[in-house]
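1. I would like the atomic coordinates for the input below:
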Amino acid sequence: MNTDSHQFTLRIYYEDTDAGGIVYNANYLKFVERARTEWLRALGITQSLLLSEQIGFVVRNVVMNNLRAAKLDDQLTVISTINKIKRASLVFNQEIFNQHQQLICTVEVLIASVNIAGDTIKPCAISKEILGVLPRVS
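-> Numbering: from 1, shown residues only. Next comes the predicted model:
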């Protein structure tokens, strides 16, 4: 399996749209979140595993560029890559395409690794086990 990037496909349902059948802009963030989660799952990193180790991945920053509208019944594909890996953070680049291979949206997301034990949430290093399954970034 190629782990340098990941593809996640989804269908647009009525609940994803506004009254005109156009995807509501905030839903693109949900789509890319699902894509990142499914990529990590494919690599053997589940949210339940992270929680059992009292680790969370939280969104610290998002840059989103909406280029076209997606509509009811469209099939979208989210392609995710990791652009940067630091001690306690990851930068994902994600592109959303429609069924006609038209680029709909681009998203760059900075994800921070945090320790969620106790009352204080603090940044923490990404474990070696997780780093070991992530793609190499130059």
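
2. Residue 58 against residue 109, yeah?
-> No - using CB atoms under 8 Å as the test, residue 58 is too far from residue 109 to be in contact (10.6 Å). Placement of C-beta: from N, CA and C, glycine included.

3. what's stretch 7-24 in contact with?
-> Contacts with stretch 7-24, where a contact means CB atoms under 8 Å, 6 or more residues apart in numbering, come from 27, 31, 34-35, 38-39, 69-80.

4. Mind checking which of those residues are in helices?
-> When DSSP state H is applied, the contacts of stretch 7-24 are split such that 27, 31, 34-35, 38-39 fall in helices.

5. quick one: low-confidence ranges for the protein?
-> Under the criterion of pLDDT under 70, the regions of the chain flagged as low confidence span 1-3, 138.

6. Identify the residues contacting the closest residue to residue 75 other than its chain neighbours.
-> Among residues not flanking residue 75 along the chain, residue 99 sits closest, at 4.4 Å (CB to CB, 6 or more residues apart in numbering). By CB under 8 Å, 6+ apart, the contact set of residue 99 is 74-76.
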